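Trainee: next come a sequence and a model predicted from it.
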Amino acid sequence: MLIDTHTHIADPEFDADREAVIERARAAGVRKMILIGTDLPSSRRAVSLAEQHPFLWAAVGLHPHEAKAMDETLSQALEELAGHPKVVGLGETGLDYHYNHSSPEDQRRAFIEQIRLAKRKRLPLVIHTREAWEETFRILEQEGGRSHAADVGAVFHCFTGDSAIAAQAVRFGCYLSFSGIMTFPKALALQQAAASVDLSRLLIETDAPYLAPQGYRGKRNEPAYVRVVAEKIAALRNCPLEKIAEVTSGNAERLFQLSPR
């Protein structure tokens, strides 16, 4: 069994063939998926789709690109949505200083608000970080993220750091989720991180429709391709695919409390 811990199949890119995408995932051995919100509309879509299938769950939040939209009304709406029984995570939230679609100040403010919301709702944090590792760890530290990660949980989704950052994140109590990026031939530092991280902290994802793995690059990504990520990690660690599937699925079940539900 495989679990795609981060996918956006509730978004409009999948409106034309969503059920076929789900069936292809199931045929590839993907038994559970977590649908991710990046703003209020996408969070609501994720929850709505999760309601329709027993093997789907949702995480709700405001992506750092959209952080400038955070205000009291939006925060209250996310808090209400976070109480839905199919919601198992808060995010994706974090910092992205590569594009700065929202200012760093707005990103920090929205990130802090969502950390506090995750603590109130006792939901795992789903963290997006790009070119902001030091500040991400600093904010998590000052907002009690270390104790929250230990007590409830946190994951760095689409992890792109090296082995040193991976070790720091694990010491912080976080899980690391690897996407199709780590299958790219030039992603050597990332592959080293995936090969060395403690198995108890390892997750896999697609981030579909983005970041299709090697062999599908240039195409729309979809949850069925999470198998390619698992196969690459198995090859890097010189172990059977079945072991990676078992370990990552168990980690996902534990972090997001997917069973029993």
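Mentor: Yes, it's here.
Trainee: in the chain, which helix has the most residues?
Mentor: helix 104-121 (DSSP state H).
Trainee: tell me which helix or strand comes right after it.
Mentor: Remark: after helix 104-121, the chain's next helix or strand is strand 125-130, criterion DSSP states H and E.
Trainee: in its sheet, what does that following strand sit against?
Mentor: According to DSSP bridges, strand 125-130 forms sheet pairs with strand 87-96 (parallel), strand 154-156 (parallel).
Trainee: what helices and strands are in contact with the helix or strand just after that strand?
Mentor: Next in sequence after strand 125-130, counting helices and strands by DSSP H and E, comes helix 133-142. If contacts are counted by 3 or more CB pairs under 8 Å, 6 or more residues apart in numbering; DSSP states H and E, helix 133-142 sits against strand 87-96, helix 104-121, helix 145-151. C-beta: built from backbone N, CA, C; applies to glycine.
Trainee: now the strands paired with strand 125-130 in TSV, with mean neighbour count?
Mentor: Converted to TSV, those look like this (neighbours: other CB atoms under 10 Å):
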stretch	mean neighbour count
strand 87-96	27
strand 154-156	28
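Trainee: let me have those in TSV, adding distance to A166 and mean pLDDT as columns.
Mentor: Conversion of the strands paired with strand 125-130 to TSV gives the following (distance: least, CB to CB, whole Å; pLDDT from 0 to 100):
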stretch	distance to A166	mean pLDDT
strand 87-96	16	98
strand 154-156	9	98
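Trainee: what's the closest of these to S163?
Mentor: strand 154-156 (13.7 Å; CB to CB).
Trainee: rewinding a little: now distance to C158 too, for the helices and strands packed on helix 133-142, in a markdown table please.
Mentor: Output for the helices and strands packed on helix 133-142, formatted as a markdown table (distance: least, CB to CB, whole Å):
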| stretch | distance to C158 |
| --- | --- |
| strand 87-96 | 9 |
| helix 104-121 | 16 |
| helix 145-151 | 18 |
